[in-house]
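A.B. asks: Predicted model and sequence follow; I will ask about them next.
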Amino acid sequence: MRKKIGIGLAGFGVVGRGIYEVLAENSPLIAARAGADFSIQHIVCRHPERAQSLVGSSIPVGDDTCALIENPNVDIVIEVMGGIEPAKSLILGALESGKSVITANKALLALHGNEIFNCAKNFGVNVYYEASVAGGIPIIKALREGLSANRIESIVGIINGTTNYILSAMRESALTFPQALKIAQEKGYAEADPTFDIEGLDAGHKITLLASLAFNTPVCFMPENMEGITQISPEDIAFAQSVGCSIKLLAIAKNLNGQIQCCVHPTLVDNDNFLAHVNGAMNGVFVQTNALGPSFYYGAGAGGKPTASAVIADLIDCARGNAPIQPAPTTEAFYLPPKEIQSQYYLRLTISSSEQLQRVQNYFEGFAIPIEKETLSNQCWMVLTKPIKENTLQSLISKLNQLEDLDKPIKVLRKESMLMGI
Ligand code: HSE
């Protein structure tokens, strides 16, 4: 006889319904792999009447999260409601009641993960969160399990589908940012309030979680290191194309000799790298480690069934007693502040004379900025720096801005070169 495991499901939107459907559709194989029969025993959501009509009267449906925690038939709690409250109280309450939790809530974990992981440890239960990063792509499992023998050196990913859709549409159809955003909203990719996506915060929450897992550090969300795509113009996209690149919103986590760089920003990616070919709403993550070397993960980063795929994989793990490796909230970590963050920069300057070019080049020398590549054509000087700190770049730009005869604004874009080629 297989054991029976009762699920409490908090949230019945696109993802909650996806979980309900995949559990029903794949029931025999899920039960065989888990060695357990799962059944949803309680649902809480914002519109209980709608959910009740879909699941029938045998499952209690309501809006009281305490009732779900206290339901003795609920063994494991799945939280896919999103937001901070009541999700946080629900998760802490479930853990304190000795119930493991599976969540897709990246914002909550990025902001309160240390408290939640500590609580789980204190009560001898687990928090699983595969679905919180890159939807259906098993990137957390890759870091925790497949790559557990490796030292992780860097993670560079496209982990927000909405912004990737917008940037792809801007390039493919020569659209402005507002035009592409409108289409993304009409197609249901972007939320009615798309702030978290377009300002880089959603990708920021996700890379924060990956960094803490990869580098075994406390969860440390630094919104000041997150930048979105609202300022990207068709001119930027054309510039990127002219130097053989695409612009992608990259989430970057690197261990630079013990100093952790964790940031999100629009970045030039050479078209011969895998990440340049992650288009539409898809996600892709590149991981560099010391034993395996480079590896790449690609798939659907959002949507009901892809996210359900990740949630139910966690459910199977939980039923089998596979305790996940948690980040270590007690270890010291040094996260680089914005001005210390390193990047390569592409600058494009309009040059009217050889004297002017000499003056500009003198500034580069004065700030000891190493140049990887430069070209001068049609009065346009394009230069790619080697990795330099953000504050060095800012000092250079403020000096260049003082040159009265130089065309402004000076076009600057970051570039990421440490990627996996096709
Ligand atoms: N808004 C997110 C995205 C959904 O666009 O990727 C999945 O986390």
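C.D. replies: Thanks, I have the structure now. Predicted model only: the values in this text are computed from it and were never measured. Numbering: from 1, shown residues only.
A.B. asks: Can you name the residues of the stretch 101-250 of the chain that neighbour the ligand?
C.D. replies: For the stretch 101-250 of the chain, the residues found near the ligand under the criterion C-beta under 6 Å from any ligand atom are 135, 160, 161, 162, 197, 202. Using the backbone N, CA and C atoms, a C-beta is placed for each residue, glycine as well.
A.B. asks: 5 Å instead, please
C.D. replies: Counting by C-beta under 5 Å from any ligand atom, the stretch 101-250 of the chain comes close to the ligand at 160, 161, 162, 197.
A.B. asks: Where helices are concerned, which of those count?
C.D. replies: Among those, the residues falling in helices (DSSP state H) are 161, 162, 197.
A.B. asks: and those residues as JSON lines, adding pLDDT?
C.D. replies: JSON lines is the format used below for those (pLDDT from 0 to 100):
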{"residue": "161", "pLDDT": "97"}
{"residue": "162", "pLDDT": "97"}
{"residue": "197", "pLDDT": "97"}
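A.B. asks: With neighbour count as added columns, please give those in JSON lines.
C.D. replies: Putting those into JSON lines (neighbours: other C-beta atoms under 10 Å) gives the following:
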{"residue": "161", "neighbour count": "26"}
{"residue": "162", "neighbour count": "24"}
{"residue": "197", "neighbour count": "25"}
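A.B. asks: that older thread, state the pair within the residues of the stretch 101-250 of the chain next to the ligand that is farthest apart.
C.D. replies: 161 and 197 (8.4 Å; C-beta to C-beta).
A.B. asks: closest point of the stretch 201-350 of the chain to the ligand, which residue?
C.D. replies: residue 302 (3.6 Å; C-beta to the nearest ligand atom).
A.B. asks: Let me know the secondary structure of that residue.
C.D. replies: Recorded secondary structure, residue 302: coil (DSSP: H, G, I helix; E, B strand; the rest coil).
A.B. asks: show me what contacts it?
C.D. replies: For residue 302, the contact set (C-beta atoms under 8 Å, 6 or more residues apart in numbering) comprises 135, 161, 162, 189, 281, 283.
A.B. asks: hang on, the earlier thing: quick one: which of the residues of the stretch 101-250 of the chain next to the ligand is nearest residue 290?
C.D. replies: residue 160 (27.8 Å).
A.B. asks: thought the closest one was touching residue 202?
C.D. replies: Yes - assessed by C-beta atoms under 8 Å, residue 160 is found in contact with residue 202 at 5.2 Å.
A.B. asks: low-scoring pLDDT stretches of the stretch 301-422 of the chain, where are they?
C.D. replies: 327-331 (pLDDT under 70).
A.B. asks: As a check, name the ranges of all helices in it.
C.D. replies: Taking DSSP state H, counting those that start in this stretch as the test, the helices found in the stretch 301-422 of the chain are 304-319, 354-366, 390-401.
A.B. asks: Output the second one in PDB, but only the C-alpha positions, please.
C.D. replies: Put plainly, it is helix 354-366. Extracted in PDB, the C-alpha atoms of helix 354-366 (Å, rounded to 0.1, in the frame of the first residue of the first chain):
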ATOM      1  CA  SER A 354      41.700  63.800 -34.900                       C
ATOM      2  CA  GLU A 355      42.400  66.300 -32.100                       C
ATOM      3  CA  GLN A 356      39.100  65.600 -30.500                       C
ATOM      4  CA  LEU A 357      39.800  61.900 -30.700                       C
ATOM      5  CA  GLN A 358      43.200  62.400 -29.100                       C
ATOM      6  CA  ARG A 359      41.600  64.300 -26.200                       C
ATOM      7  CA  VAL A 360      39.000  61.600 -25.700                       C
ATOM      8  CA  GLN A 361      41.700  58.900 -25.800                       C
ATOM      9  CA  ASN A 362      43.700  60.900 -23.200                       C
ATOM     10  CA  TYR A 363      40.800  60.600 -20.800                       C
ATOM     11  CA  PHE A 364      40.700  56.800 -21.300                       C
ATOM     12  CA  GLU A 365      44.500  56.700 -20.500                       C
ATOM     13  CA  GLY A 366      44.100  59.100 -17.600                       C
END
